[in-house]
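> structure for this input, please:
(2 chains)
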2 protein chains.
Amino acid sequence: MQPHFTGPDPASTASVYTRSAVPDPLSPEEALHWLALRMAPGLGTRKAGQLIEIFKTPQAIFRASRSELEAASLSTSVAQSISSGCAFEDAVDQQKKAAETGALLIPITDARYPPRLREIYDPPPLLYARGRVELLATLMIAIVGTRRPTPYGTTVAERLARDLAGAGLTVVSGMARGIDTAAHRAVLPSGLKPGLDSGGGTIAVFGYGVDQVYPSENRKLAEQIATEGLVISEFPMGAPPYPQNFPIRNRIISGMSAGVLVVEGGEYSGSAITAKLAAEQNREVFAVPGNITSKMSWGPNLLIKQGAKLVQEWNDVVVELKAEDRRRLADQCRKQLKLNENEVSETSGQGQASVGSMTVHPAAQGVARSVLAVLRPDAPVPLDHLVDTMEGCSPSEIIAILFELEMSGLVRQLPGKNFIRVWADG
Amino acid sequence: MQPHFTGPDPASTASVYTRSAVPDPLSPEEALHWLALRMAPGLGTRKAGQLIEIFKTPQAIFRASRSELEAASLSTSVAQSISSGCAFEDAVDQQKKAAETGALLIPITDARYPPRLREIYDPPPLLYARGRVELLATLMIAIVGTRRPTPYGTTVAERLARDLAGAGLTVVSGMARGIDTAAHRAVLPSGLKPGLDSGGGTIAVFGYGVDQVYPSENRKLAEQIATEGLVISEFPMGAPPYPQNFPIRNRIISGMSAGVLVVEGGEYSGSAITAKLAAEQNREVFAVPGNITSKMSWGPNLLIKQGAKLVQEWNDVVVELKAEDRRRLADQCRKQLKLNENEVSETSGQGQASVGSMTVHPAAQGVARSVLAVLRPDAPVPLDHLVDTMEGCSPSEIIAILFELEMSGLVRQLPGKNFIRVWADG
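Numbers count the residues shown, from 1 in each chain, chains lettered A, B, ... in the order given. Sure thing, here's the model as predicted:
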């Protein structure tokens, strides 16, 4: 059988596709073939991935004969559906919708595809993305939890999200009500309180098309994330929010991330499932403990009992990261501090300076300078003394800046929360 | 040098000593020698223990020559102080005070000495005891925590103490303000609410003489424990509450117990020290998690991070006990249920039936019967269904009785909190 191609003329969609804000390495024709592969009836994620492994490109798959496809252990009906090219009609529609929404396509072969996600059992062959695609290259931490948090859960999700973003991690979640929403919102640069608060990267993984919103009250949040952060999904444009897709989506949340942090959840909660998935994917599972009298802390407490790392503060996450990941964060922090030093003079009054996923308000630079001025290279200074000395700074600000200084090699922490300066060039 | 003995005529104290309520295996002369060993100036706990190992009895120590004592690596001055017999004056005074208070002496050679305490690095050679000495033979769990608990901490300490006592464990603590007090009080039979609540054994370990009280507001509690439970101390009669003795005392609390459960405590709290001691003594360390925003949960959360077992409910303690200890609890429960079956008819309206350290209100027997009536040997019944069915019983009552039934082999728990009957003779 001859290879055949029944899709529309790729040239006709080119102008539409290139409307995307960020240049996309896929040619319109390549994009169309990826979409057709995605839309091919009866072809699942695993099988699609195997076809790509065998044939390398979707074009090659669609050029393949039915017998070649069947030799790749496709069933007769799926092989036929691919050969028929019937998926191209949907693919054209998808391409049009993607262009209209400004959505990019990130196939698994793309260098920008999240590296950790490639390693899981069933990576999505194609991701739809809206926003800062460069966030896919950052180190990510998932923060998930109940849709009905207590005020404690919301507070803690916000605080940890902000602190972890401050340490250079991108916060991944599912934009559900409750904990997910709190985590995303806390790190959006536009939602920041002035002062030390660091804006960070955030990625929302949808269980529906990136042009959809669920719950509807998160419409504004979704737009903010699609602008200041990133929205991704493996589900086609226009796919509605079917609840049965949410657990499927959860494997992406955990799969992209270095670890999953569960903030609140009942005994049989969705976040417990995400945590289980994360453990199966060999991701670190973290949980915030809570009162045993609170139903919403039952899940995290149980996870800790089962081996999840207990998180009292952001650093409990960072210390469990792999050495290479911690080095990466340290490098980011070091660059960050140096950049800010320049930015403070050049852009004073202008607001924020950003490096990659990390955005630190110049005011933080002032705090860092003050901390370094109090610290000495010859005698450890207790944290309490620092807090007492630095009037006008909250303890959490000081702790955050100490971490950054430690990460950047300027400060070393000694037992008992004592700190010394390592370099003299504060 | 000839062995010599300068103490008073032992016969003169015999009548005083035998006033004790419970017969004491020590003869008055033996008791006097133990007290003299305790009071010998300059002789520490470890050294006294080594002397007992070498000479077997205090009499033999006091009969030994100075060169024999020095050969046992005593310093010249301590050997001299023992040989001089100068401690006997204090010993007589101690014996008199012990008799007046009804305190018993339990030397390390006594069969009633707590078995686990003998294993630690520096067991006290002599314990003073007031109350139900038989509690020393039971399986013990220490419950400790801050002197300034939150309402959450107090509630949780009470609940866990009651539940653990219900499972047959004796609750050990230090009768300090706060968590200690809550734990003791919760299991005193006289303080019980009617219904299923099980009275249990409780032991207060004092860091001062068993005839002293600290804090003074615990005077009534101390008397109750000395009557319905047990008060013990290694410190002499009349020894005042010096704070520096409390950490020394803590090694007894953990040393006697199968494990130590920390309920609330700050970052550098006494309970953290007790937990550290417990770990060094190879005891299980348990901790109740709490909100990371609560200062008083900082200690327990940190302990969990360091490897302590997280406790959501009493069963989290029981499952970590050694197999032999769990069997012991199961045997107790089984006896308990059988006894109650008889007692219900024989003593109806009479109040409480007790076996060893465990006291179960006859009403519990009724609950057990009802639970068994609902359960079936052929189909698992979910806990929720049981709770719905058993009107008038709280879920915690039902859970407690399910544990007892499980322990006694009448009921088996299946995954997902489902229960089946094992025997047909409910």
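
> near chain B, which residues of chain A show up?
Within chain A, the positions near chain B by C-beta under 8 Å from any C-beta of the partner chain are A:152, A:155-156, A:288-294, A:297-298, A:301-302, A:304-305, A:309-313, A:316. In short, each C-beta sits where N, CA and C put it, glycine included.

> can you flag the buried ones in these?
A:152, A:155-156, A:288-292, A:294, A:297-298, A:301-302, A:304-305, A:309-313, A:316 (16 or more other C-beta atoms under 10 Å in any protein chain shown).

> those residues in strands, which ones?
Counting by DSSP state E, the part of these found in strands is A:309, A:310.

> which phi and psi does residue A:128 have?
In terms of degrees, to the nearest 10, the main-chain angles of residue A:128 are phi -90, psi 140.

> that one and residue A:238 touch, don't they?
No. Residue A:128 lies out of contact with residue A:238 (C-beta atoms under 8 Å); the separation is 10.6 Å.

> pick out whichever of these two has more residues nearby.
Counting neighbours by other C-beta atoms under 10 Å in any protein chain shown for residue A:128 and for residue A:238 shows that residue A:128 has the greater number, 27 against 14.

> from residue B:295, how far off is the more buried one?
Remark: distance between residue A:128 and residue B:295 (C-beta to C-beta, to the nearest Å) = 46 Å.

> again with residue A:255
37 Å.

> if you count surrounding residues, which of those two has more?
With neighbours defined as other C-beta under 10 Å, residue A:255 and residue B:295 compare such that residue A:255 has more, 26 against 16.

> sec struct for that one, please.
helix (DSSP: H, G, I helix; E, B strand; the rest coil).

> show the contacting residues for residue A:208.
A:214, A:233, A:235, A:239, A:240, A:241, A:242, A:245 (C-beta atoms under 8 Å, 6 or more residues apart in numbering or on different chains).

> now with 10 Å?
Counting by C-beta atoms under 10 Å, 6 or more residues apart in numbering or on different chains, residue A:208 makes contact with A:214, A:233, A:235-242, A:245-246, A:249.

> residue in the stretch 1-150 of chain A nearest to chain B?
residue A:150 (9.3 Å; C-beta to the nearest C-beta).

> burial count for residue A:282?
Other residues close to residue A:282 by other C-beta under 10 Å number 9.

> can you check residue A:422 too?
With other C-beta under 10 Å as criterion, residue A:422 counts 14.

> which residue does the stretch 251-400 of chain A have closest to chain B?
Closest point on the stretch 251-400 of chain A to chain B, by C-beta to the nearest C-beta, is residue A:289, at 3.4 Å.

> is it correct that that residue is in contact with residue B:287?
Yes. The pair residue A:289 and residue B:287 passes the contact test of C-beta atoms under 10 Å, sitting 9.5 Å apart.

> one step back: out of the contacts of residue A:208, who's nearest residue B:274?
Lowest distance from residue B:274 to those (C-beta to C-beta) belongs to residue A:246, with 45.0 Å.

> just confirm that closest one is within a helix.
Yes. Assessed by three-state DSSP, residue A:246 belongs to a helix.

> ok so, going back, ok, of the contacts of residue A:208, which come out buried?
A:214, A:233, A:235, A:236, A:237, A:239, A:241, A:245, A:246, A:249.

> so, low pLDDT: which residues of chain A?
For chain A, applying pLDDT under 70 flags the ranges A:1-24, A:191-199, A:336-365, A:408, A:423-426.

> I'd say residue A:246 and residue A:270 touch.
Yes. Using C-beta under 10 Å, residue A:246 is in contact with residue A:270, at 6.9 Å.

> quick check: neighbours shared by the two?
A:174, A:176.

> return the nearest residue of the stretch 101-250 of chain A with respect to chain B.
Counting by C-beta to the nearest C-beta, the stretch 101-250 of chain A gets nearest chain B through residue A:152, at 5.5 Å.

> so what's that residue up against?
A:263, A:264, A:288, A:290, A:291, A:294, A:296, A:297, B:291, B:292, B:293, B:294.

> ok so, going back, overlap in contacts of residue A:128 and residue A:238?
Common neighbours of residue A:128 and residue A:238 (C-beta under 10 Å, 6+ apart) are A:94, A:97, A:101, A:209, A:210, A:211.

> which of those residues tops the neighbour count?
residue A:210 leads the shared contacts of residue A:128 and residue A:238 on contacts (other C-beta under 10 Å) with 31 neighbours.

> in three-state terms, label that residue for me.
Residue A:210 - assigned by three-state DSSP - is coil.

> which helices and strands does the helix or strand containing residue A:273 pack with?
Residue A:273 is part of helix A:270-280 when elements are defined by DSSP states H and E. Under the contact criterion of 3 or more C-beta pairs under 10 Å, 6 or more residues apart in numbering or on different chains; DSSP states H and E, helix A:270-280 touches strand A:140-144, helix A:245-256, strand A:259-262, strand A:284-287, helix A:298-305.

> what packs against the fourth one?
Going back to what we said before, that points to strand A:284-287. strand A:140-144, strand A:259-262, helix A:270-280, helix A:298-305, strand A:309-310, helix A:315-318.

> tell me which element residue A:105 is part of?
strand A:104-107.

> hey, C-alpha coordinates of that strand in CSV?
Taking C-alpha atoms only, strand A:104-107 is exported to CSV below (Å, rounded to 0.1, in the frame of the first residue of the first chain):
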residue,chain,number,x,y,z
LEU,A,104,1.2,26.2,21.3
LEU,A,105,1.8,22.5,20.6
ILE,A,106,4.6,20.7,22.5
PRO,A,107,5.1,17.2,21.2
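
> pull out the buried positions in the next helix or strand after it.
Counting by DSSP H and E, the next helix or strand C-terminal to strand A:104-107 is helix A:115-118. The neighbour-count criterion (16+ other C-beta under 10 Å) identifies A:116, A:117 as the buried residues of helix A:115-118.

> next up, the contacts around residue A:161.
Contacts of residue A:161 (C-beta under 10 Å, 6+ apart): A:141, A:143, A:169, A:171, A:173, A:179, A:182-188, A:200, A:202, A:261, A:263, A:314.

> that one - that's part of a strand, no?
No. Residue A:161 is assigned helix when assessed by three-state DSSP, not a strand.

> state the distance from it to residue A:213.
From residue A:161 across to residue A:213, the span is 21 Å (C-beta to C-beta).
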